[in-house]
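1. 3D, please:
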Amino acid sequence: MSVSIQLIINGISIGAVYALIGAGFALVFGVLKFSNFAHGSVISACAYAGYIFQSSIQPTPPFWVTAAVCCLAGMALTYLVDLLVYQRLRAKESNSLFFFLASVTFAILIDQILTVNFGTKMYGYPPLFEISTLTFLDITFSKMDMTMLAIAVVFLLLLIVLLEHTRIGLAIRAVAINSRVSRLMGINASLMVTGTLVIAGFLGGITGLMMGIKYTIYPALGSSMMMKGFIASTIGGLGSLNGTIFAAVLLGIVEIICAYYLGAEITPVVLFGIMLIFLLIRPQGLAGRFAQDRA
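-> So this is what the prediction gives:
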């Protein structure tokens, strides 16, 4: 029983991080209607940015300072991609396929730049805690997993509040439903799209830091994690934030349990198999008709 509880809690913690990745993915899809695979490379770049920041300053900066640097790096890099490509495509009212191709191109470009500058060598952050685990009721928890869970929950709640209870969130949702009509209502659609991308970059920054601390840093780190966010977004319903969060948590639990009982090698097969089943049986995802209409 203690092992099962521990597995479920660990699965929820990693699932919450997948929810952050999927949330950034769902935000962009909801507004621009394309899968922004450059988001994964932004995560990798932010993980490196945090590592360089910590390595170049002595004594080691506090965690929250490094987190702020990573978030700023994610916002700046995402804005740069939008400035160089996405804004031009929006001005020409290009098909969503061109946005997708541009995102894949930038993902490959960023990964290659990281590889050229850092090679394939893996880097690691210094330990966040002197004692990495804690025990409660004969159940051992990873302090890092609990920290990741707390941070992910806070940022997801802030994101939901922003989208559901602020005028900015209302404007973003209006642009997501119909960009042309929102412009007629006085909303600066271009600004809202850029703002949505920057918010996604912010989430990518904190995700990159947490992934870098939990694992090791290498150029394809974000791309590998991005696939988990993509699976969660697909199962939850493309463009649906609530569906993505719920699916990501379930995905994290399934992944941890499968890795424990079946092995890490077979786990990706199970995860992609689940996504395939959803695409065949319920292509609109868990969120149902709403996400289907938006896609």
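2. Show me the shaky parts of the stretch 101-250 of the chain.
-> Low-confidence segments of the stretch 101-250 of the chain (pLDDT under 70): 129-133, 137.
3. please redo it, this time with the cut-off set to 80
-> 127-143, 184, 238-240 (pLDDT under 80).
4. Run through the strands of it in chain order.
-> Using DSSP state E, counting those that start in this stretch, the strands found in the stretch 101-250 of the chain span residues 133-136, 139-142.
5. Pick the most deeply packed of those.
-> strand 139-142 (a mean of 15; mean count of other Cβ atoms under 10 Å). The C-beta positions use only the backbone N, C-alpha and C, and glycine is treated the same way.
6. For that one, which outside residues touch it?
-> Strand 139-142 is contacted from outside by 2, 5, 6, 9, 10, 13, 132, 133, 134, 135, using Cβ atoms under 8 Å, 6 or more residues apart in numbering.
7. So which of those residues wins on neighbours?
-> Tallying neighbours with other Cβ atoms under 10 Å puts residue 13 at the head of the contacts of strand 139-142, with 27 neighbours.
8. is it true that it touches residue 143?
-> No. Contact criterion Cβ atoms under 8 Å: residue 13 and residue 143 do not qualify, at 10.7 Å.
9. in stretch 189-196, what counts as buried?
-> Residues of stretch 189-196 classed as buried: 189, 192, 193, 194, 195, 196 (neighbour count, 16 or more other Cβ atoms under 10 Å).
10. Turn the residues you listed into JSON lines, columns for distance to residue 125.
-> Shown next, in JSON lines, are those (distance: Cβ to Cβ, whole Å):
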{"residue": "189", "distance to residue 125": "39"}
{"residue": "192", "distance to residue 125": "35"}
{"residue": "193", "distance to residue 125": "33"}
{"residue": "194", "distance to residue 125": "31"}
{"residue": "195", "distance to residue 125": "30"}
{"residue": "196", "distance to residue 125": "29"}
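11. just checking, which of those belong to helices?
-> Among the buried residues of stretch 189-196, DSSP state H puts 189, 192, 193, 194, 195, 196 in helices.
12. And those, which is closest to residue 228?
-> When these are compared for distance to residue 228 (Cβ to Cβ), residue 196 wins out at 21.3 Å.
13. Excluding chain neighbours, what is closest to the closest one?
-> Leaving aside its chain neighbours, residue 196 sits nearest to residue 31 (4.8 Å; criterion: Cβ to Cβ, 6 or more residues apart in numbering).
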